[in-house]
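Visitor: one predicted model, sequence on top.
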Amino acid sequence: MTSFSSVSVIAPARLHMGFLDLSGALGRHFGSIGVALDEPVTELVITPAKEKIVTNKRAEKCLIAFCETFNVSTNVQIEIISAIPEHIGLGSGTQMALAVGAGLNAFYNLGLSVRDIAATMDRGLRSGIGIGIFEQGGFVVDGGRGENTITPPMLAHFDIPETWRFILVFDQRGQGLHGQQEIHAFKNLPPFPRLEAERLSYLLLMQALPAVAENDLARFGEVITELQRTVGEHFSPAQGGVFTSLDVEKAMQFLAKCGAVAIGQTSWGPTGFCLIEGEEIAEGLVESARAAFVEIPLQFKIVSARNQGGEVVVNF
């Protein structure tokens with residue numbers, strides 16, 4: 001019998017702001033940057049049960065994989081309070097896997113690290129930022145994959161300034177590439193030039209990271225926009241352009257003209273993102289964008305960064 005009533009877990013969504021070296025031209029593959037968001041989140045509760053009770057297929061798959069690996073019982077109930085929407089670039093798969101794994105780790109008192117759980121769930125096969133934001137939130141950079149990498153190491157972490165606001169643009173008429181489509185796309189992309197990998201790495205190290213540290217929104221935005229443009233053009237044969245959704249691209253161009261910075265698409269999209277200083281200015285931009293795109297089924301949402309990782313609470 002357990003001595004507690006339940007385990008609650010919250011796992012934050014994330015923006016994937018791009019890769020640094022898609023071809024491993026400098027010896028390590030990928031390397032990525034991203035930021036944790038305060039919403040949406042995946043939230044679940046695990047309670048004791050006489051049999052396995054879970055209605056979410058993705059959560060059930062994670063439960064079975066975890067319990068088989070660590071030889072513990074699947075006789076628990078997993079209630080999904082909320083879940084990050086799937087296949088729109090917000091990291092839903094990794095966060096569900098880590099939420100389930102972290103909850104079961106606490107439930108069975110196994111003493112595992114987030115890295116142990118991620119490896120068990122086969123997360124971090126390309127990008128490691130989903131693991132990084134569950135560990136510590138904020139803005140993170142991972143070091144990609146080398147010959148002996150299990151999960152990509154975190155190289156940098158910064159809190160995002162409290163006044164920065166992200167504007168997300170959703171197009172619910174489509175999804176980003178995922179599953180076998182994503183695997184096929186990576187296999188068929190052209191080689192990523194070494195000079196571009198070197199340039200992006202320099203821009204990140206000597207411009208973007210100092211800008212976050214010094215609360216320099218404009219300079220940070222310039223680097224993210226340039227990185228997104230470069231990587232988006234590389235991905236364009238697979239996704240039909242720099243952006244997956246043409247309407248999202250138009251909305252991002254509109255927001256950029258209105259003063260937003262850090263213009264980009266998270267992961268394979270179709271969700272777009274940009275950055276602005278202050279809640280009031282962000283609200284004004286969103287109001288203008290909604291009026292400008294009233295006849296197009298786009299959704300605009302203002303969110304803050306989340307400067308803390310996932311939460312695991314044992315309820316007694």
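Guide: That came through fine.
Visitor: model confidence for residue 288, exactly?
Guide: Listed pLDDT for residue 288 reads 97.
Visitor: from residue 233, how far off is the residue lying closest to it once chain neighbours are set aside?
Guide: What sits nearest to residue 288 in space, not counting adjacent residues and going by CB to CB, 6 or more residues apart in numbering, is residue 258, at 6.2 Å. Placement of C-beta: from N, CA and C, glycine included. For residue 258, the distance to residue 233 equals 24 Å [CB to CB, to the nearest Å].
Visitor: the more surrounded of those two?
Guide: residue 258 (17 against 12; other CB atoms under 10 Å).
Visitor: using the three-state scheme, assign the nearest residue to residue 304 once chain neighbours are set aside.
Guide: Closest residue to residue 304 apart from its sequence neighbours, by CB to CB, 6+ apart: residue 38 at 4.7 Å. Under DSSP: H, G, I helix; E, B strand; the rest coil, the three-state class of residue 38 is strand.
Visitor: need the helices for this structure, in chain order.
Guide: 57-70, 92-108, 114-120, 129-136, 180-188, 194-203, 209-213, 217-239, 246-257, 279-292 (DSSP state H).
Visitor: of the ones you listed, flag the one that's most buried.
Guide: Most buried of the helices of the chain, by mean neighbour count (mean count of other CB atoms under 10 Å): helix 129-136, with a mean of 28.
Visitor: what's the spacing between stretch 55-67 and its chain's center?
Guide: In terms of CA atoms, centre = their mean, to the nearest Å, the centre of stretch 55-67 is set 20 Å apart from its chain centre.
Visitor: CA atoms only for that stretch, dumped as CSV, please.
Guide: Extracted as CSV, the C-alpha positions of stretch 55-67 are listed here (Å, rounded to 0.1, in the frame of the first residue of the first chain):
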residue,chain,number,x,y,z
THR,A,55,-7.8,6.4,-21.6
ASN,A,56,-5.1,8.4,-23.4
LYS,A,57,-3.3,6.1,-25.9
ARG,A,58,0.0,8.1,-25.8
ALA,A,59,0.0,8.0,-22.0
GLU,A,60,-0.8,4.3,-22.0
LYS,A,61,2.1,3.6,-24.4
CYS,A,62,4.5,5.5,-22.1
LEU,A,63,3.1,3.7,-19.0
ILE,A,64,3.8,0.3,-20.5
ALA,A,65,7.3,1.2,-21.8
PHE,A,66,8.3,2.6,-18.4
CYS,A,67,6.9,-0.3,-16.3
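Visitor: was I right to think the residue nearest to residue 304 contacts residue 308?
Guide: No - counting by CB atoms under 8 Å, residue 38 does not reach residue 308; the two are 9.5 Å apart.
Visitor: quickly, which of the helices of the chain bottoms out on average pLDDT?
Guide: helix 180-188 (a mean of 70).
Visitor: on that earlier part again, what's the closest of the helices of the chain to residue 10?
Guide: Closest to residue 10 of the helices of the chain is helix 92-108 (CB to CB; 7.6 Å).
Visitor: between that closest one and helix 129-136, how big is the angle?
Guide: 40 degrees (axes from the mean of the first three to the mean of the last three CA atoms, to 10 degrees).
Visitor: what angle do helix 92-108 and helix 57-70 make?
Guide: Using the same axes, to 10 degrees, helix 92-108 lies at 50 degrees relative to helix 57-70.
Visitor: for helix 92-108, packing partners?
Guide: Identification of packing neighbours for helix 92-108 by 3 or more CB pairs under 8 Å, 6 or more residues apart in numbering; DSSP states H and E yields strand 6-21, strand 30-48, helix 57-70, strand 76-82, helix 114-120, helix 129-136, strand 311-315.
Visitor: and the helices of the chain: which comes nearest residue 45?
Guide: helix 92-108 (8.1 Å).
Visitor: next one: the closest one to chain centre, how far?
Guide: Distance of helix 92-108 from the chain centroid (CA atoms, centre = their mean) equals 16 Å.
Visitor: just want the angle from that helix to strand 76-82.
Guide: 140 degrees.
Visitor: for helix 92-108, C-alpha coordinates in PDB please.
Guide: Listed next in PDB are the C-alpha coordinates belonging to helix 92-108 (Å, rounded to 0.1, in the frame of the first residue of the first chain):
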ATOM      1  CA  SER A  92       3.500  17.300 -26.900                       C
ATOM      2  CA  GLY A  93       5.100  13.900 -27.300                       C
ATOM      3  CA  THR A  94       8.200  14.500 -25.200                       C
ATOM      4  CA  GLN A  95       6.300  16.300 -22.500                       C
ATOM      5  CA  MET A  96       3.700  13.500 -22.200                       C
ATOM      6  CA  ALA A  97       6.500  10.900 -22.000                       C
ATOM      7  CA  LEU A  98       8.400  12.900 -19.400                       C
ATOM      8  CA  ALA A  99       5.200  13.600 -17.400                       C
ATOM      9  CA  VAL A 100       4.200  10.000 -17.300                       C
ATOM     10  CA  GLY A 101       7.700   8.900 -16.500                       C
ATOM     11  CA  ALA A 102       8.400  11.500 -13.800                       C
ATOM     12  CA  GLY A 103       5.000  10.700 -12.200                       C
ATOM     13  CA  LEU A 104       5.700   6.900 -12.100                       C
ATOM     14  CA  ASN A 105       9.200   7.600 -10.900                       C
ATOM     15  CA  ALA A 106       7.800   9.400  -7.900                       C
ATOM     16  CA  PHE A 107       4.900   6.900  -7.400                       C
ATOM     17  CA  TYR A 108       7.300   4.000  -7.200                       C
END
